[in-house]
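> just need the structure, nothing else, for what follows:
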Amino acid sequence: ATPLDIRKVIARRSFMEFRPGDICNLGFGISQQIGSIAAEEGVADALTLTVEQGIFGGVPAFGGDGGAGRDYQARLEQPSMFDFYDGGGLDIASLSFAQVDRFGNVNVHAFDERPRGPGGFINISTRTRRLCFVGAFTAGGLRVSFEDGSLRILQEGRERKFVDAVNEISFNGELAPGKGQSVRYITERAVFELTPEGLRLIEVAPGIDVERDVLAHMDIKPTVSDSLTMMDFRLFAPGPMGLAAGFAAAGRPA
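Just a heads-up that it's a prediction; the model follows:
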């Protein structure tokens, strides 16, 4: 098992959106860890994980080995993998975000002085029906601890990531509802969903106060679900979560 840290918590919660039989894309960064989480939970063979570099199935690697994998079903040339993505072959994708705005737009590529491009992000996010955008709630110095299945903020990040307007649009949230896309924004302390009116807060971590730890650190004011729920306490505990039984019983979304 990989050590418990903020990135693993976020990757775990994103993985909980995956279903048996799904064909999935794991984006660069936090999402890369989903392969090891699926293996740790004993369900890697119940769905098909892919990465844009060409690994199809098995357990994609993360960190410095990102782009590789083991026990895969096939290894495709990258252009062929993008033919598959562009053709709508994916059921779900987990992708990073740098900024999210009030419309649900995502910026993944324009957030500091270093030049960078969006890579395959635009292809994948445009054509995939179910999307998880993942990232820490704030940036620049965020420190947290995990205590008895709950989350504690030790030091807040200096930079807000939920902003009134993103620097540049990598994913257009205003178009997503009309395309029938289901979108989640997943952080270590809160989960939001995209609605035609913008973001809605649907989950918070155990130990987190909605006003103090979430809304106070956003430039936007999301709606709060009437059925706001607690994030699964197992996300914040070391060792496997024990997802296999529930995963096997879950059905795929219509």
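> any chance you could map the helices in the protein?
Under the criterion DSSP state H, the chain contains helices at 6-15, 34-40, 78-86, 121-127, 244-249.
> so which elements touch the fourth one?
Right, the one you point to is helix 121-127. Under the contact criterion of 3 or more C-beta pairs under 8 Å, 6 or more residues apart in numbering; DSSP states H and E, helix 121-127 touches helix 78-86, strand 92-96. C-beta: built from backbone N, CA, C; applies to glycine.
> got a list of contacts for that helix?
Helix 121-127 is contacted by residues 25, 27, 52, 82, 85-88, 90, 93, 95, 106, 108-109, 131, 170-171 when judged by C-beta atoms under 8 Å, 6 or more residues apart in numbering.
> may I have it as CSV, with CA atoms only?
Extracted C-alpha coordinates of helix 121-127, given in CSV (Å, rounded to 0.1, in the frame of the first residue of the first chain):
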residue,chain,number,x,y,z
PHE,A,121,-6.7,17.3,-21.5
ILE,A,122,-8.9,19.0,-24.0
ASN,A,123,-9.5,15.9,-26.2
ILE,A,124,-10.3,13.8,-23.2
SER,A,125,-12.5,16.3,-21.3
THR,A,126,-14.5,17.2,-24.4
ARG,A,127,-15.5,13.7,-25.3
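> ok, back up a step: can you tell me which of the helices and strands packed on helix 121-127 is most buried?
Mean neighbour counts were taken over the helices and strands packed on helix 121-127 using mean count of other C-beta atoms under 10 Å, and the top value, a mean of 25, falls to strand 92-96.
> got the angle between that one and helix 6-15?
Relative orientation of strand 92-96 versus helix 6-15 (axes from the mean of the first three to the mean of the last three C-alpha atoms, to 10 degrees): 160 degrees.
> run through who's touching strand 92-96.
Contacts of strand 92-96 with the rest of the structure, by C-beta under 8 Å, 6+ apart, involve 11, 14-15, 17-19, 22, 24-31, 34, 106, 108, 121, 124-125, 128-135, 171.
> who does that strand pair up with?
Strand 92-96 pairs in its sheet with strand 23-26 (parallel), strand 130-134 (parallel), by DSSP bridges.
> can you tell me which residue is nearest the centre of this structure?
For the chain, residue 134 is the residue whose C-alpha lies nearest the centre (C-alpha atoms, centre = their mean; 3.2 Å).
> could you give the bridge partners of that residue?
As assigned using DSSP bridges, the partners bridged with residue 134 are residue 96, residue 186.
> wait, it touches residue 186, no?
Yes: with contact defined as C-beta atoms under 8 Å, residue 134 and residue 186 form a contacting pair (4.8 Å).
> what's the overlap in contacts for these two?
Contact criterion C-beta under 8 Å, 6+ apart; residues shared by residue 134 and residue 186: 10, 13, 14.
> turn the residues you listed into TSV, columns for pLDDT and neighbour count.
Formatted as TSV, the entries for the shared contacts of residue 134 and residue 186 read as follows, by pLDDT from 0 to 100; neighbours: other C-beta atoms under 10 Å:
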residue	pLDDT	neighbour count
10	98	28
13	98	22
14	98	27
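> show me which of those is closest to residue 153.
Out of those, the one with the shortest distance to residue 153 is residue 10. That distance is 14.6 Å, counting by C-beta to C-beta.
> what's the distance between that closest one and residue 31?
Relative to residue 31, residue 10 is positioned 9 Å away (C-beta to C-beta, to the nearest Å).
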